[in-house]
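*Asks:* Just the structure for this:
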Amino acid sequence: MKILVAYDGSDCADAALDDLQRAGLPPDAVEVVVMSVTEIWLPPPSSLEKGEASAERQKVSVKHSKAIEETRALAARARVRLQQNFPGWQVSAEDAYGSPAWEIISKADAWRPDLIVVGSHGRTALGRLVLGSVSQKVLTESRSSVRVARGRVEVEASPVRIVIGVDGSDGSAGAVSAVAARKWPQGSEAHVVVVEDSLTPTASGRFIPPVADWIEESNKEDLQWVHETADKAVAELSAAGLNVSSLVAEGDPKRMLIEEAEKWGADCIFVGSTGFSGSRLSRFLLGSVSSAVAARAHCSVEVVRTPQAEESV
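*Replies:* Predicted coordinates for the structure are as follows:
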């Protein structure tokens, strides 16, 4: 397994490192790159620059060297912290300069990690309702699965609790499979949440028997399909050794997933990258539910991208 960790030295970045201990990741056979980026910019090259002068321009000026050294030290510090938490992992540190989001995405496109880990927001303290611009860009534009990590306040050990949003799409099926494939501690719990948005006849439709009958029949078929979808997810997760429960409800998936996770005390919400949205435009359009949940949830959120889901986008 390959993991790319974006680290900027902030409190939320430290929380993201510690949060990985409750992510069900294997104790070994994991290759990790911790990446820190110095946000500096160089002016465009002059048309008069030639030869050695042009090559020298590619080097960062002396005035930025201190910032780069600090960034390099941050990446090294995070590497040590991760290595202490996961002695069996192969952890390395890299630093770069430029646009943080672009550098992280470029590294991910070249290295193809299975998972990118980012903090919930950058150096600002705007709160959980605002996802940092770097995290947001990585979340929406990366080809890899992304974990937006928010650390728990509690420090005592307790079973891991996971909520999985399921809607029958390839993306949500990938989220279920990702949870089932992890190495969760004994006693960990998974809660499958399927939110149905039933059809409701208009005022005029209520007085037209064929329309009302058709809507009622359609809702019955949808309800049966929803329960079958939930049962399938429960079976897969139970086979992986998790204690599984499920909830089938009507309403807005964005709101209900967040509320259920908060009420249930979840450590993380897993969703598919295109779950609930039906978007077929490009990788740059994340499903509306996935994006909203990642921005507003009180806990960590892992948005799972699978080859099958990406092909359907």
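*Asks:* pretty sure Thr140 contacts Ser290?
*Replies:* No: taking C-beta atoms under 8 Å as the definition, Thr140 is not a contact partner of Ser290, at 9.3 Å. Where C-beta positions appear, they are placed from N, C-alpha and C, glycine not excepted.
*Asks:* quick one: which of those two has more around it?
*Replies:* Between Thr140 and Ser290, Ser290 has the larger neighbour count (other C-beta atoms under 10 Å), namely 32 against 20.
*Asks:* Just the C-alpha atoms of the helix or strand hosting the more buried one, please, in PDB.
*Replies:* Secondary structure from DSSP states H and E places Ser290 in helix 288-296. What follows is helix 288-296, C-alpha atoms only, in PDB (Å, rounded to 0.1, in the frame of the first residue of the first chain):
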ATOM      1  CA  SER A 288     -22.000  16.600  -4.100                       C
ATOM      2  CA  VAL A 289     -22.600  14.400  -1.100                       C
ATOM      3  CA  SER A 290     -18.900  13.400  -0.800                       C
ATOM      4  CA  SER A 291     -17.700  17.000  -1.000                       C
ATOM      5  CA  ALA A 292     -20.300  18.300   1.500                       C
ATOM      6  CA  VAL A 293     -19.600  15.500   4.000                       C
ATOM      7  CA  ALA A 294     -15.800  16.000   3.800                       C
ATOM      8  CA  ALA A 295     -16.200  19.700   4.500                       C
ATOM      9  CA  ARG A 296     -18.800  19.600   7.300                       C
END
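*Asks:* List of residues touching the next helix or strand after it?
*Replies:* Note on helix 288-296: by DSSP H and E, the next helix or strand toward the C-terminus is strand 300-304. Applying C-beta atoms under 8 Å, 6 or more residues apart in numbering, the external contacts of strand 300-304 come out as 19, 23, 115, 139, 145-150, 171, 174-175, 178, 267-273, 286, 290, 293-294.
*Asks:* Give the ChimeraX command for selecting the buried subset of those residues.
*Replies:* To isolate the buried members of the contacts of strand 300-304 in ChimeraX, using 16 or more other C-beta atoms under 10 Å:
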select :19,23,115,139,145,146,147,148,149,150,171,174,175,178,267,268,269,270,271,272,273,286,290,293,294
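*Asks:* which ones among the contacts of strand 300-304 are found in strands?
*Replies:* Judged by DSSP state E, strands contain the following of those: 115, 145-149, 268-272.
*Asks:* Can you tell me the SS state at the residue nearest to Val248 when sequence neighbours are not counted?
*Replies:* With sequence-adjacent residues excluded and distances taken as C-beta to C-beta, 6 or more residues apart in numbering, Val248 is closest to Val194, at 5.0 Å. With DSSP: H, G, I helix; E, B strand; the rest coil as the basis, Val194 sits in strand.
*Asks:* my read: Val194 touches Glu250, true?
*Replies:* No: applying C-beta under 8 Å as the test, Val194 and Glu250 come out as separate, 10.2 Å apart.
*Asks:* With neighbour numbers in mind, choose between those two.
*Replies:* Under the neighbour definition other C-beta under 10 Å, Val194 and Glu250 were set side by side, and Val194 has more, 24 against 12.
*Asks:* list the contacts for the more buried one?
*Replies:* Counted by C-beta under 8 Å, 6+ apart, Val194 has contacts 166-167, 226, 229-230, 233, 246-249.
*Asks:* make it 7 Å
*Replies:* Val194 makes contact with 166-167, 226, 229-230, 248 under the criterion C-beta atoms under 7 Å, 6 or more residues apart in numbering.
*Asks:* Please apply the same query to Met35.
*Replies:* Residues counted as contacts of Met35 (C-beta under 7 Å, 6+ apart) are 4-7, 75, 94, 96, 104, 107.
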